[in-house]
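Visitor: sequence first, then the predicted structure, then my questions.
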Amino acid sequence: MRGQGFAFIAPLLVLMVVAFNLPIIYMLGLAFWDKGRGFTLEHYEGLLDAPVYLRVLGNTLRISLIATIANVAIGYPLAHWMRGLSQRARLIAIALVVLPFWVSILVRTYAWIVVLGNGGLVNRSLQWLGLTDAPVQFLYNELGVTIGMANVLLPFLVLPLFATMIRIDDRLLQAAASLGAPPRTIFWKVYFPLTLPALAAGTLLVFILCLGFYVTPAVLGGGRVPMISNLLDTLINQIPRWEQASAISTILLIVALVIFAGYRRLDRKAST
Amino acid sequence: MTSTPWSRRLLAATGIFGLVFLTVPLLIVIPMSFSPARALTFPPPGFSLRWYEAFFGDPRWMDAMWTSTVVAVLSSVAALVLGSLAAYGLRRGSLAGRDWAEGNFMSPLIVPTIIVAIALYLSLAKVGLLGSFIGLVAAHTVLNVPLVMMVMGVAVRDFDLRIEQVAWSLGASWNYTVVKVMLPNLAPSVFAAWIFAFIGSFDEVIVTSFIAGKFETVPKKMFNELILEVNPTITAVATLLIAVTVLALAAVTLVLGRAGKLRQTLVER
């Protein structure tokens, strides 16, 4: 049985090693290796010297943080509201969250150009309401990138959070109420702590995904809001500096894996 | 819990805002694709199919459509076969290092896609396969594997081991059991896994942009055009992609709903 079990796995293992593991190892090699001299940290020293790298890193962290916070601010109430809906309304709400999740990220990003543009729906509504005279510049700046990213990532937070909330036993909340706890106390002392591991796990997941975002900043930022991925694109495709691209990728990979380890711990807690 | 009417209303307002925030962009794009105007104004000033004509009449778009379809079919089938076999081996076998192997198969989902793109770009360039068709299909297969593993892992886990044991005790070989006993039972999940992998490949843009060379897929061409200028033909492409996604998900819902597995697959991913 042991040998046969392996026979089922072997074909995929070969593919993954050849087309995934080895390429990543090769990239790590480029980041730490120099022809003739062997192991080196030279490519990392180069990163510290150039202020543009640090600025892009700062951009990425700031935008990722804001988009993640926006996600939590919208996602938690949304999931909580969905829990209280009737069976039928809940199904519709789930469909409305799941569908965008599967629609191409390009389509969703492109849609924001249409909605947020100077003659777009949002600006026309604002002007019609008399809130502003000139169109508000939503596109090709950090605001647009943040809105686009929050939109793409919202289902990643809402779906697992909702799955956790729906498992919370109503009798637990009724018990608290019958003991005389006011609704606010029930929410903060009973309900919220039960959802906290799932919330924390979802938040970390969204943050990891933010760090690697490529399409949305490129399209909605119009080249004016570079994030790490766009910098990597430049270093690979425009001014070939493969070693530095490898060095930056290695840092991003390590950060993502460390955050993911935290996510796994929280996720296990959330699902037990 | 939220007993005061005020807080209940605030919650409902935020919830509805969230749903609108998620869906409105998609709902706006669809009518825009039927606009006769070149400028992106909403509501559209009339009705026309000119952007669909522009799309279907452009051999470059049709080429991209063909490439996307071929790559998606090949890579989704490859991922489905390899991933299902591996999911079965992982669940039923007793291998040392099983968690490690499973973690490795799931990792294309966690490692930022841009890193996969760069690692593949560098190594394909090294072995002289950058811009090759085989490299493109292999890359898409790797990215599809976690989607297949998620669906098939759950399906195999939930399939009663005793049914297989009955087959074995009646003298069926392992291979015979998989083909004649498991596959017919797991068909709904296999279908769902295949659809997810197909959509995943058909929508892939980052890795494709880096390694596809002269090959144009629909998302790659769309991405390149979006960066250059806003061309309304994209609204037609976007609407078609939304339509394909809706149809695919509807098919999955039908098949899984009949098998009672919908909730599991869609929500508890």
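Guide: That came through, no problem.

Visitor: run through the neighbouring helices and strands of the host helix or strand of B:Trp194.
Guide: Using DSSP states H and E, B:Trp194 maps to helix B:183-203. Where contact means 3 or more C-beta pairs under 8 Å, 6 or more residues apart in numbering or on different chains; DSSP states H and E, helix B:183-203 is packed against helix B:59-92, helix B:133-158, helix B:218-228, helix B:233-259. For the C-beta atoms, the positions are set from N, CA and C on the backbone; glycine is no exception.

Visitor: okay, these, which one's buried deepest?
Guide: helix B:133-158 (a mean of 23; mean count of other C-beta atoms under 10 Å in any protein chain shown).

Visitor: and that helix, what's its mean pLDDT?
Guide: What helix B:133-158 shows for mean pLDDT is 92.

Visitor: got the phi and psi for whichever residue of the stretch 101-250 of chain B sits closest to chain A?
Guide: Nearest residue of the stretch 101-250 of chain B to chain A: B:Pro112, at 2.6 Å (C-beta to the nearest C-beta). Dihedral pair for B:Pro112: phi -50, psi 130, per degrees, to the nearest 10.

Visitor: what about it, how many residues close to it?
Guide: Close neighbours of B:Pro112, defined as other C-beta atoms under 10 Å in any protein chain shown, add up to 24.

Visitor: then the one 3 residues further on?
Guide: Neighbours of B:Ile115 under the rule other C-beta under 10 Å: 25.

Visitor: for the residue in chain A that chain B sits nearest to, give me its contacts.
Guide: Across chain A, the shortest distance to chain B (C-beta to the nearest C-beta) belongs to A:Gly5, at 1.9 Å. Residues counted as contacts of A:Gly5 (C-beta atoms under 8 Å, 6 or more residues apart in numbering or on different chains) are B:Gly89, B:Leu90, B:Arg92, B:Gly93, B:Ser94, B:Leu95.

Visitor: just the element for it, please.
Guide: Using DSSP H and E, A:Gly5 sits within helix A:2-16.

Visitor: tabulate the CA atom coordinates of that helix in CSV.
Guide: Coordinates of each C-alpha in helix A:2-16 appear next as CSV, following Å, rounded to 0.1, in the frame of the first residue of the first chain:
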residue,chain,number,x,y,z
ARG,A,2,2.9,2.3,0.8
GLY,A,3,4.5,1.9,-2.6
GLN,A,4,1.2,2.2,-4.4
GLY,A,5,0.3,5.4,-2.6
PHE,A,6,3.5,6.9,-3.9
ALA,A,7,2.7,5.8,-7.5
PHE,A,8,-0.4,8.1,-7.4
ILE,A,9,1.6,11.1,-6.2
ALA,A,10,4.8,10.6,-8.2
PRO,A,11,3.6,12.2,-11.6
LEU,A,12,2.5,15.4,-9.9
LEU,A,13,5.6,15.5,-7.7
VAL,A,14,7.8,15.3,-10.8
LEU,A,15,5.9,18.2,-12.5
MET,A,16,6.0,20.3,-9.3
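
Visitor: now the angle from it to helix B:59-92?
Guide: 150 degrees (axes from the mean of the first three to the mean of the last three C-alpha atoms, to 10 degrees).

Visitor: continuing past helix A:2-16, what's the next helix or strand?
Guide: Following helix A:2-16 in sequence, per DSSP H and E, is helix A:22-32.

Visitor: just to revisit the earlier point, among the contacts of A:Gly5, which one sits closest to A:Ala176?
Guide: The shortest approach to A:Ala176 among those belongs to B:Leu90, at 41.8 Å (C-beta to C-beta).

Visitor: I'd like the distance between that closest one and chain A.
Guide: Noted for B:Leu90: a distance of 6 Å to chain A, by C-beta to the nearest C-beta, to the nearest Å.
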